[in-house]
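Novice: 3D model of this:
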Amino acid sequence: MRAHVRPRLQGFDRNKVSSLYVAMRRESAQSGGMHIVVRHIESIMRMAEAHAKMHLREYVRDNDVDAADEVGTRDTLVLQCQHGRERNKAADSGAAAEGAV
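Specialist: Predicted structure coming up:
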């Protein structure tokens, strides 16, 4: 049965998705983290479809988008933190090298 379920992207709040994208871009710009691109939203939509499929639904609902957002945002935040730590390490290494000269 699950193999035959292909949830369609209908009936969910498209404004929620677009405001999510805007908020993610704003946050990445303010924190100086990695850039948020349209692929991030496409990934969240695929995760929402997978969540709907897991529940054997024909259509993606708002709670599927919310679940995908939670997972996608958490993963993005982890990547942002890793990116920031790597950038700080590189800056610290550069400052240490200057002090040694």
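
Novice: Residue 63: neighbouring residues, count only.
Specialist: 14 (other C-beta atoms under 10 Å). The way it works is simple: take the backbone N, C-alpha and C, and place the C-beta from them, glycine included.

Novice: Okay, and it sits in which element?
Specialist: helix 62-100 (DSSP states H and E).

Novice: can you tell me the average pLDDT over that helix?
Specialist: The pLDDT scores in helix 62-100 average 69.

Novice: Now do residue 51, the pLDDT please.
Specialist: Looking at residue 51, its pLDDT is 91.

Novice: And what about it, helix, strand or coil?
Specialist: Here residue 51 is recorded as helix under DSSP: H, G, I helix; E, B strand; the rest coil.

Novice: and whatever helix or strand residue 48 lives in, what does it pack onto?
Specialist: Following DSSP H and E, one finds residue 48 within helix 38-54. Where contact means 3 or more C-beta pairs under 8 Å, 6 or more residues apart in numbering; DSSP states H and E, helix 38-54 is packed against helix 14-31, helix 62-100.

Novice: Next, the angle from that helix to helix 14-31.
Specialist: Interaxial angle, helix 38-54 versus helix 14-31 (axes from the mean of the first three to the mean of the last three C-alpha atoms, to 10 degrees): 130 degrees.
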